[in-house]
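**Q** quick one: sequence and predicted model below, then my questions.
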Amino acid sequence: MLSYHKMKTVLITGSTSGIGLGIAREFAKTRQYNIIFNGLETNGGEIAATIGHEFGIGSMYSGANMLKPEELRQMVNDGVVKFGKIDVLINNAGIQHVSPIEDFPDEKWNAIIGINLTSAFYLSKAVWPGMKERKFGRIINIASAHGLVASEFKSAYVASKHGIVGFTKTLGLEGAPFNITCNAICPGYVKTPLVEKQIADQAKAHNLSESEVVNKVMLMKQAVKEFITVESLGQMALFLASENANTITGTAIPIDGGWNAQ
């Protein structure tokens, strides 16, 4: 096994549950990356330690709040102290709220923009000098199909995800002279515990079967009527993090079952 300081290090926000945890597991399976976990789960430290032990990699956990810039900077500093450097940043943390614009709560708008978009700015800014100095860096933003198209009643989410796609393009241009790439992955509906709960809730609310909710409501806009897997997102992130992806930058890559082909 490589010593932790000889391995690459990836920081993944929102990685103690859902998509982020799935991506973290794909990186862990390679046994080539230390992982800095982040999330709201009270047992976040235990999750990080368990995966670290399972795959024989370095791991640490930070409960940094995405709305607090000083905590984000501290998370980066702590990761550098422990592992020597941060090679890959995956901005994954995100929240959602659905409401018509006239009823959309101001505080929800601010929280969604803050967590989904502004946190990526603070973290990218924090890791940038080290990446620039080493002439290697990979920033991967988990956007959404809603970073490319819109849906009703999701004004803040759609604005934040369109914003992250624009931010991705800018960093792709700024990083090009220093072998720092920045790309966005834009998934359709991903099967996570959160989405499974939504399926059950919508089935109850609309008096539909769960399969009807999946096909007629959730996956209506996807040509391929299947949920996106966290493993496919993790594998795409792994490729974008690799040396072979050095000329792929400033892109927004849909993994959305053909949603954006329409």
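**A** Sure thing, it's come through.

**Q** what about this protein, any weak spots by pLDDT?
**A** Residues of the chain that meet the criterion pLDDT under 70 lie in 1-3.

**Q** how about the helices in it?
**A** 18-30, 44-55, 69-83, 106-113, 119-134, 155-175, 193-206, 210-212, 230-241 (DSSP state H).

**Q** deepest-packed of these, please.
**A** helix 18-30 (a mean of 22; mean count of other CB atoms under 10 Å). In short, each C-beta sits where N, CA and C put it, glycine included.

**Q** tilt between that one and helix 193-206?
**A** On the basis of axes from the mean of the first three to the mean of the last three CA atoms, to 10 degrees, helix 18-30 is oriented at 150 degrees to helix 193-206.

**Q** and the contacts of helix 18-30?
**A** Helix 18-30 is contacted from outside by 10, 12-15, 33, 35, 37-39, 47, 51-52, 54-55, 57, 90, 92-93, 142, 187, 190, 192-194, 229-231, 233-235, 237-238, 241, using CB atoms under 8 Å, 6 or more residues apart in numbering.

**Q** CA atoms only: put that helix into CSV for me.
**A** Presented in CSV, the C-alpha positions along helix 18-30 are these (Å, rounded to 0.1, in the frame of the first residue of the first chain):
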residue,chain,number,x,y,z
GLY,A,18,-26.4,9.8,-1.2
ILE,A,19,-24.6,10.7,-4.4
GLY,A,20,-21.5,12.0,-2.5
LEU,A,21,-21.1,8.8,-0.6
GLY,A,22,-21.5,6.7,-3.7
ILE,A,23,-18.8,8.7,-5.5
ALA,A,24,-16.5,8.4,-2.4
ARG,A,25,-16.9,4.6,-2.5
GLU,A,26,-15.9,4.5,-6.2
PHE,A,27,-12.7,6.5,-5.4
ALA,A,28,-12.0,4.3,-2.4
LYS,A,29,-12.3,1.1,-4.5
THR,A,30,-9.2,2.2,-6.5
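
**Q** what angle do that helix and helix 44-55 make?
**A** For helix 18-30 against helix 44-55, the angle by the same axes, to 10 degrees is 30 degrees.

**Q** pick out the residue closest to the middle of the chain.
**A** N92 (1.9 Å; CA atoms, centre = their mean).

**Q** surely that one and I139 touch.
**A** No: with contact defined as CB atoms under 8 Å, N92 does not count as touching I139 (11.6 Å).

**Q** okay, now the domains of this structure?
**A** Structural domains annotated on the chain: 4-189+229-261, 191-227, as defined by automatic domain parsing.

**Q** select the longest strand from the chain.
**A** strand 180-187 (DSSP state E).

**Q** other SSEs contacting it?
**A** Counting contacts by 3 or more CB pairs under 8 Å, 6 or more residues apart in numbering; DSSP states H and E, strand 180-187 packs against helix 119-134, strand 137-142, helix 155-175, helix 230-241, strand 252-255.

**Q** what would these look like in JSON lines with distance to L208?
**A** As requested, those are exported to JSON lines (distance: least, CB to CB, whole Å):
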{"stretch": "helix 119-134", "distance to L208": "36"}
{"stretch": "strand 137-142", "distance to L208": "29"}
{"stretch": "helix 155-175", "distance to L208": "24"}
{"stretch": "helix 230-241", "distance to L208": "25"}
{"stretch": "strand 252-255", "distance to L208": "26"}
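
**Q** out of the ones you listed, which comes closest to I199?
**A** Nearest of the helices and strands packed on strand 180-187 to I199, taken as CB to CB: helix 230-241 at 16.3 Å.

**Q** can you list contacts of the closest one?
**A** The set of residues external to helix 230-241 that reach it, using CB under 8 Å, 6+ apart, is 8, 10, 18-19, 21-27, 30, 87-88, 90, 138, 140, 142, 181, 183, 185, 187, 190-192, 245, 248, 253, 255.

**Q** 6 Å - rerun?
**A** Residues from elsewhere that reach helix 230-241, judged by CB atoms under 6 Å, 6 or more residues apart in numbering: I19, G22, I23, E26, V88, R138, I140, N183, I185, P187, A245.

**Q** check stretch 91-101 too.
**A** Here stretch 91-101 makes contact (CB under 6 Å, 6+ apart) with 12-14, 20, 66, 108, 112, 115-116, 120, 141-142, 153-155, 157.
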